[in-house]
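Enquirer: Below are the sequence and a predicted model for it; my questions follow.
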Amino acid sequence: MSVASSRSPAQRRQSSTVFSPRSVAIFARIASMAVTLIGLAALTFFIGRLLPLDPILAVLGDNATKEAYDRMYVQMGLDQPLIVQFGNYLWNVLHLDFGNALLSGRPVSEEIARTFPATIELATVAMLIGTCLGVPLGVIAAVYRNRWVDHAARVFSLMTYSAPNFWLGLMGLVLFYSMLGWVGGPGRIDMIYEFDLTPATGFFLIDALMSGNMEVFSNVFSHIVLPASILGLGSMAYISRMTRSFMIEQLEQEYVITARSKGLGKWRVIWVHVFRNIAIQVITVIALSYAFLLEGAVLTETVFAWPGFGRYLTNSLLAGDMNSVVGCTLLIGLIFVTLNLVCDLLYWTLDPRTR
Amino acid sequence: MLENAPIVPASEQGPHTIREARAQQVKIMALKMRRNTSAMIGLILLVLIFSAAIFAPWIATHDYTAQDLGNRLALPSVTHWLGTDELGRDIYSRVLYGGRITLYIACLTVLIAAPVGLAVGVISGYFGGWIDMILMRITDIFLALPSLILALAFVAALGPGIENAVIAISLASWPPIARLARTETMMIRKADYIAAVRLQGATSWHILLHHIVPTCMPSVIVRVTLNITSIILSAAGLGFLGLGAQPPSPEWGAMLSSARQFILSHGHIAAAPGIMILLTSLAFNLVGDGLRDVLNPRQE
């Protein structure tokens, strides 16, 4: 979606003799993604330079002596020309070395690896909720186009697009946790169960299932269900809107009339014939919405005190911990760009119409 | 009397000057817009929200900074219509003043991001070649991150505060506009009338400013109106995280941020700021959808 392949006519003509245009397109797409990622590294490098804090004093503390300061200046490579500094930075990033976190003193990559499973778990459950509700809603809205279901679905998506998800989270906590007591509160698990769970995968739902202790599992589930539903609302709205428009396009095709006039049932035609034709488009939309879930997770995790990657990013931001911020930003960029690429590749390989 | 009159094709009513023709176009658009119920709801909401922000000093019932620690977290009452917050400040008055900050951020961001995006897109699309390649690679880099994350990264570098939030959100908002303007430009740059203008000796800049930019404007206006929603949500998100407007400020996101620790026992203090964010972004969404139907002839 965001990174388009650029092929000149000359390239296309040349390629027809050696490679198929498709493989050239895929190659060009991957090459442009590499350029984007290097550019992203440059952007984060530049953002790191803008920092109002002195990076040396951040490491040594305010009372550092002049000699210590100068030694650190050389040690950190700040005496080198900018381009050499950027080269070093790129080299380190390629080795997943983002330096040490200011707050804990441990490597940023380690911190990210520690907090990431919590976010992936939350985003995946959110995506499942968004998909399981969004796809049927989109199909129904398309089938009953301009009827009340369709209008209700439109109003619902508009409201969801417009509502700040951190506010929905706060209100959800007030209603479902504080007033009704239906769900667990902030955090991933209640304190009393914390020691019953051995974190093997880092995904608490799976860990709890593996331990076989259903009490722990239901506690973990009661904690994840509200944040995941609120996070999933956005993707549900997006997936249902897109499914609706793909579906409407297909329903106007003649094969639908043919299938119906053969005597096939309405819903059989819709789910078996029509839905098959839009399945790949829907899958790419789901993959794209997953990338946006990571964005939403930053705010949702803050509301629900969810010890994930988004909250780590926010805490680092507030502490002015630039290594962590740059590391997190680059990682999100990598995931975002890769998901975009995967969507395009899925499209090209699975959809026979693009051949 | 025009309300019920059918929309007459331009040829029959016959505008005689360019000015008349334009006036007629605007009139037709206004009529179409008026028939669009949801767009009108959005427009009315916007008028209400803007007037609440502009007339805040006159319609506020209290000083929005005045604390009353004896009357903290009060429920809505006759004196405090929406109750009081954790420092006993009147929530109704704060919400009114908060609108000023949110609308200020939204307008300023649009004023920065829209011209930049338009310029980059139009230049990229018109000149093509290596200029296009370089500009679009840069745009791709900015699009490689979700806009809130990009804004967060810039705020981290610039430091918290409203002005920095505006810069950060602007930096995150121009790329989609640039892409749109580029696509539009590429569609019309090969048109015969552009070739005709060029044959008459017009310079590239003249063509860009007088022919391409005006043609791109409708879609850019629609895109920008719809984008204001995400600008408002980003600004509120930054405020909520403590990276935008800072706490004593009645910005809606910041209000929610300070309300957070009291929310489980006093849910009502978070209701009003959140509903205002929702209504404001909803209004821009509705108006944007309406404008798209009116300004975009290709949809018909």
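Expert: Everything's here; your move.

Enquirer: make it CA atoms for all contacts and neighbour counts henceforth
Expert: Fine.

Enquirer: Looking at the residue nearest the centre of chain A now. What's its pLDDT?
Expert: Central residue of chain A (C-alpha atoms, centre = their mean): A:Ala291, 2.7 Å from the mean position. pLDDT, A:Ala291: 81.

Enquirer: Now do the contacts for it.
Expert: A:Ile335, A:Phe336, A:Leu339 (C-alpha atoms under 8 Å, 6 or more residues apart in numbering or on different chains).

Enquirer: Quick check: phi and psi at A:Asn213.
Expert: phi -90, psi 100 (degrees, to the nearest 10).

Enquirer: what's the burial count for residue 86?
Expert: No chain in the question, so chain A it is. If you count neighbours by other C-alpha atoms under 10 Å in any protein chain shown, A:Phe86 ends up with 16.

Enquirer: wrong chain, I was asking about chain B
Expert: 22.

Enquirer: Residues in contact with stretch B:158-175: which ones?
Expert: Contact with stretch B:158-175 is made by A:50-52, B:105, B:108-110, B:112-114, B:116-117, B:139-140, B:142-143, B:147-148, B:150-152, B:154-155, B:227, B:231, B:234-235, B:238, B:242-246, as judged by C-alpha under 8 Å, 6+ apart.

Enquirer: how about the strands of chain B, start to end?
Expert: Taking DSSP state E, chain B contains no strands at all.

Enquirer: quick one: low-confidence ranges for it?
Expert: Filtered on pLDDT under 70, chain B yields the residue ranges B:1-14, B:296-300.

Enquirer: Any residues of the stretch 51-200 of chain A in contact with chain B? List them.
Expert: Residues of the stretch 51-200 of chain A found near chain B (C-alpha under 8 Å from any C-alpha of the partner chain) are A:51-52, A:158-159, A:161-164, A:166-167, A:170-171, A:173-174, A:178.

Enquirer: those helices in the stretch 1-150 of chain B, which residues are they?
Expert: Secondary structure of the stretch 1-150 of chain B by DSSP state H, counting those that start in this stretch: the helices cover B:10-13, B:18-35, B:37-54, B:56-59, B:91-127, B:129-143, B:147-158.

Enquirer: so of those, which one's packed in deepest?
Expert: The highest mean neighbour count among the helices of the stretch 1-150 of chain B, using mean count of other C-alpha atoms under 10 Å in any protein chain shown, belongs to helix B:147-158: a mean of 24.

Enquirer: mind checking how far it is from the chain centre?
Expert: Here helix B:147-158 is found 19 Å from its chain centre; the criterion is C-alpha atoms, centre = their mean, to the nearest Å.

Enquirer: swap in stretch B:178-192?
Expert: 23 Å.

Enquirer: got it, and stretch B:274-293?
Expert: So, by C-alpha atoms, centre = their mean, the centroid of stretch B:274-293 is 9 Å from its chain's centroid.

Enquirer: Looking at the stretch 251-355 of chain A, what residue ends up closest to chain B?
Expert: A:Gly333 (5.0 Å; C-alpha to the nearest C-alpha).

Enquirer: my guess is that residue contacts B:Ala144, does it?
Expert: Yes. Counting by C-alpha atoms under 8 Å, A:Gly333 does reach B:Ala144; the two are 5.5 Å apart.

Enquirer: which among the residues of the stretch 51-200 of chain A next to chain B gets closest to A:Ser245?
Expert: Ranked by distance to A:Ser245 (C-alpha to C-alpha), those are led by A:Leu158 at 15.4 Å.
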